[in-house]
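A.B. asks: Dropping the sequence and predicted coords here.
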Protein chains: 2
Amino acid sequence: MSQCLPPSAIDIEGFDQLFAESSRIGATPAGGLHRLAASREDGQVRDLLSQWLEAHDLDVRVDPAGNLFGLATFDPAAPYILCGSHLDSQPTAGRFDGAYGVIAGAVAVARVSRLHRQAGVAPRFNLALVDWTNEEGARFQPSLIGSSYFIGELDAAQAHAATDAKGVTLGQALGEIGYLGAARVELPVAGYAEVHVEQGTGLSERAAAIGVVRSTWAAIKLSLRFNGVQAHTGPTPMAARIDALWAAARCIDATRRLSDEFGSALHSSVGKLDIYPNSPNVVPSRVTCFVELRSARPALLEEACARLHSELDAVASATGCGYQVLSEQVRAPAHLEPALGDAVQAICHELALPCVDSVTVSGHDAISMSRKYPSVLVFIPSEGGIAHNEGELTQERDLHNGLHVLTEFLYRASIGRLAL
Amino acid sequence: MSQCLPPSAIDIEGFDQLFAESSRIGATPAGGLHRLAASREDGQVRDLLSQWLEAHDLDVRVDPAGNLFGLATFDPAAPYILCGSHLDSQPTAGRFDGAYGVIAGAVAVARVSRLHRQAGVAPRFNLALVDWTNEEGARFQPSLIGSSYFIGELDAAQAHAATDAKGVTLGQALGEIGYLGAARVELPVAGYAEVHVEQGTGLSERAAAIGVVRSTWAAIKLSLRFNGVQAHTGPTPMAARIDALWAAARCIDATRRLSDEFGSALHSSVGKLDIYPNSPNVVPSRVTCFVELRSARPALLEEACARLHSELDAVASATGCGYQVLSEQVRAPAHLEPALGDAVQAICHELALPCVDSVTVSGHDAISMSRKYPSVLVFIPSEGGIAHNEGELTQERDLHNGLHVLTEFLYRASIGRLAL
């Protein structure tokens, strides 16, 4: 017999309503979502969330990185169990990535808080919901700005200085939507939980309802600048051209061919270029290439990266373009807190939800948080693994399963039943 | 003994002053010019020119494409000899490209008009100066919008609809700077003259002061759209990706390699890409590639273009990305009016200026105009052939030579000494 809280019709309905309402803000005609970080739409959905949190007796706070918190403080001296995700999306992306974890988190925190308030006894831990700023890294680079700020890996000045393609800084953009907090929200954190859509097919292939993420792939993110010489594409003799876009094109091809060589153990991509001057009849003088290499195996990743650098040397010599590494982020494989993952597994067992261990290829706020706090990341299935695409889909049953598991996790964590 | 008008100190000084003053509007720290079409700076330099034209008794008119005219009308029933070039520049480009021809044209028209007014006899032809809108095609595509509108190859609606990277249309931008004329400026045109910097080394290699452009290279300008599928660069298996940027990269490389194969008779380039969504962790779904192929030999150009298409088919099959040709502009080699070129040659001979026949690889407003009116394009030397670069340089002596030749040409043309 399950010792878990029973499903709550009122909370499921609350989740469905809030998720549907939030999905309308930035909705695309094809049923997706276009809600870039700190855009007008991001401001509108934050307003919606803030009002919902206040209506459910949660205390709304915003920090200088724009992270939006909803606090349930039972004992001001106690640490918090934090849960959340992000409301920003990629351009023309799906409705579930990030938004699901914030809405499910809000509903779960509200229910558990209500139970504690009704019981009239302060639990061992306080609870909080968070919407992290700019997880996606689409409008502003790098990704994961909000959670990186929270754990102290990025300071407010760095976060504010991130600049979009039109020259607007994140600091300005947050100010414009009214979500530039004045002071750090000082939260002693005992643990962090996040539910998220899988963005892969691992769960459905194993007929699982829930995945407990145990570890991550490693990643190397490079931004490379190729330096050419601006010239007229007409009269300038071909031999005299030093074409930064040609060099970048060969870098893109070399990056792609790496994964042919290293097989499916390596994912490689260039998703973004910044080109200057980007005029049809000017040989480009500066091109920045955003390269990603990902693998579960750090040694393979290192080998692939070395191989890329030797390809880049060949590109430089063939094109005459020098290149420089503007930034290099190395993300070692992370291992999430086993005890918290085991706790989720136990809950799934009690709820008779098929649960498997999982691994994440992509970055998540939970991975940032895991570097400082005991953290758990819970996946629910994605139809066909479609991600960063308007066709992203997760079935309602799966959404409700994740909500149920998260609610039970927060309940047990708050009363001290988990090792935190 | 030369029958030419002698150099005029007051006009040379007027040219130097106006050129220096105009060069300060949009000046870059490195001594170049950044004055995109219909930008604030373009508005400022147009204001400067308008005031100068009015101060020199020329009648200022603006048409719906933003073309700015300065008319010297001696006989309302007579046709006009038109001369000019363009005040817009590429990003971080040089001070001479276009601006020289407008300023020299203004000074030449003003001097010749003054002479006729002082003589008190209406010459056979009226005179006019023109600053053509968006010759460069940097901020707005296509290039040569103003002169294409004037000769009727583009209508006002098409000109106004051209849109920059921030979504601003040329119509809006012209309105904002106050240069959106209400009605076509109806000018019966007898001939067109333009002086321009060479943007190559042909003149200096042959120790010539003046080049008479007799013909142009042919060109094919393609915009190609590659269609991929938006996906997450992390978890999406490599085999499942349809990456439009990878396809574009291979197109850029194939375009470049064409000129290795066809030798120096072919110039080929990709100077601009539009990438969507251009986010570091999203596989791009749509990339538009702006390809240019240029050659003096149409047959070779056709062969190169066919070869490019077969390469594109191979790219499509290797990457899984379909592609479509969004637009294809074919510019046949143009031949400018021989009699006008001969007249310039005769003037140079009388002025003892070494003069050679020349060819232009790049497009110019004079080439557009030559499709409808007898036209002449006169080159003066460019140091090192540097173009579309802040390092562009032409010596003062060469600037003054060009001014002198243009003034004499306009004088002779206006009194009916040339076959027009």
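C.D. replies: Right, received. Where do you want to start?
A.B. asks: quick one: secondary structure of the closest residue to A:Trp52 other than its chain neighbours?
C.D. replies: The shortest distance from A:Trp52 to any non-neighbouring residue, by C-beta to C-beta, 6 or more residues apart in numbering or on different chains, is to A:Leu18 (5.9 Å). All C-beta atoms are positioned from the backbone trio N, CA, C, and that covers glycine. Look at A:Leu18: counting by DSSP: H, G, I helix; E, B strand; the rest coil, its state is helix.
A.B. asks: tell me the contacts of A:Leu18?
C.D. replies: Applying C-beta atoms under 8 Å, 6 or more residues apart in numbering or on different chains, one finds that A:Leu18 lies in contact with A:Leu48, A:Trp52, A:Ile103, A:Ala106, A:Val107.
A.B. asks: what do you get for A:His34?
C.D. replies: Going by C-beta under 8 Å, 6+ apart, the list of residues near A:His34 reads A:Gly26, A:Thr28, A:Glu41, A:Ser89, A:Pro91, A:Thr92, A:Ala93.
A.B. asks: can you do 6 Å?
C.D. replies: A:Gly26, A:Thr28, A:Pro91, A:Thr92 (C-beta atoms under 6 Å, 6 or more residues apart in numbering or on different chains).
A.B. asks: Distance of the residue nearest to A:Trp52 relative to A:Gln51?
C.D. replies: According to C-beta to C-beta, to the nearest Å, A:Leu18 and A:Gln51 sit 10 Å apart.
A.B. asks: Need the residues touching each of those two.
C.D. replies: By C-beta under 6 Å, 6+ apart, no residue touches both A:Leu18 and A:Gln51.
A.B. asks: Chain B contacts on chain A?
C.D. replies: Counting by C-beta under 6 Å from any C-beta of the partner chain, the positions of chain A adjacent to chain B are A:90-91, A:137-138, A:199-200, A:230-235, A:238, A:246, A:249-250, A:252-253, A:256, A:259, A:269, A:271-272, A:277-282, A:290, A:292, A:361-362, A:387-389.
A.B. asks: okay, now A:Phe368: neighbour count?
C.D. replies: Actually, residue A:368 is Ser. It isn't Phe. For A:Ser368, the neighbour count with other C-beta atoms under 10 Å in any protein chain shown is 27.
A.B. asks: And for A:Val282?
C.D. replies: 28.
A.B. asks: what are the bridge partners for A:Ile81, then?
C.D. replies: Beta-bridge pairing of A:Ile81 under DSSP bridges involves A:Leu127, A:Gly191.
A.B. asks: how much space between it and A:Pro374?
C.D. replies: From A:Ile81 over to A:Pro374 (counting by C-beta to C-beta), the distance is 10 Å.
A.B. asks: More neighbours: which of those two?
C.D. replies: A:Ile81 (29 against 21).
A.B. asks: just checking, that one touches A:Pro123?
C.D. replies: No: the criterion here is C-beta atoms under 6 Å, and A:Ile81 misses it with A:Pro123 at 9.3 Å.
A.B. asks: Now list whatever residues contact both of those two.
C.D. replies: A:Ser414.
A.B. asks: And the helices in chain A, which stretches?
C.D. replies: Secondary structure of chain A (DSSP state H): helices located at A:9-23, A:40-55, A:99-119, A:145-150, A:156-161, A:170-177, A:202-205, A:244-262, A:298-319, A:338-351, A:365-370, A:396-414.
A.B. asks: CA atoms of the longest one as CSV?
C.D. replies: As requested, C-alpha coordinates have been extracted for helix A:298-319 and formatted as CSV (Å, rounded to 0.1, in the frame of the first residue of the first chain):
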residue,chain,number,x,y,z
PRO,A,298,35.6,12.7,-21.3
ALA,A,299,38.7,11.0,-22.9
LEU,A,300,36.9,10.8,-26.2
LEU,A,301,35.8,14.4,-25.9
GLU,A,302,39.3,15.5,-25.3
GLU,A,303,40.5,13.5,-28.3
ALA,A,304,37.8,15.0,-30.5
CYS,A,305,38.7,18.5,-29.3
ALA,A,306,42.4,17.9,-30.1
ARG,A,307,41.4,16.6,-33.5
LEU,A,308,39.2,19.7,-34.1
HIS,A,309,42.1,22.0,-33.2
SER,A,310,44.4,20.2,-35.7
GLU,A,311,41.6,20.6,-38.3
LEU,A,312,41.4,24.3,-37.4
ASP,A,313,45.1,24.7,-38.0
ALA,A,314,44.6,23.2,-41.4
VAL,A,315,41.7,25.6,-42.1
ALA,A,316,43.8,28.5,-41.0
SER,A,317,46.6,27.6,-43.3
ALA,A,318,44.3,26.9,-46.3
THR,A,319,42.3,30.1,-45.9
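A.B. asks: which residues are in contact with it?
C.D. replies: With C-beta under 6 Å, 6+ apart as the criterion, helix A:298-319 contacts A:218, A:220, A:246-247, A:250-251, A:254, A:258, A:262, A:265-266, A:293, A:295, A:323.
A.B. asks: 8 Å instead, please
C.D. replies: Contacts for helix A:298-319 (C-beta under 8 Å, 6+ apart): A:218-220, A:222, A:224, A:226, A:228, A:242-243, A:246-247, A:250-251, A:254-255, A:258, A:261-262, A:265-266, A:268, A:291, A:293-295, A:321-323, A:332-333.
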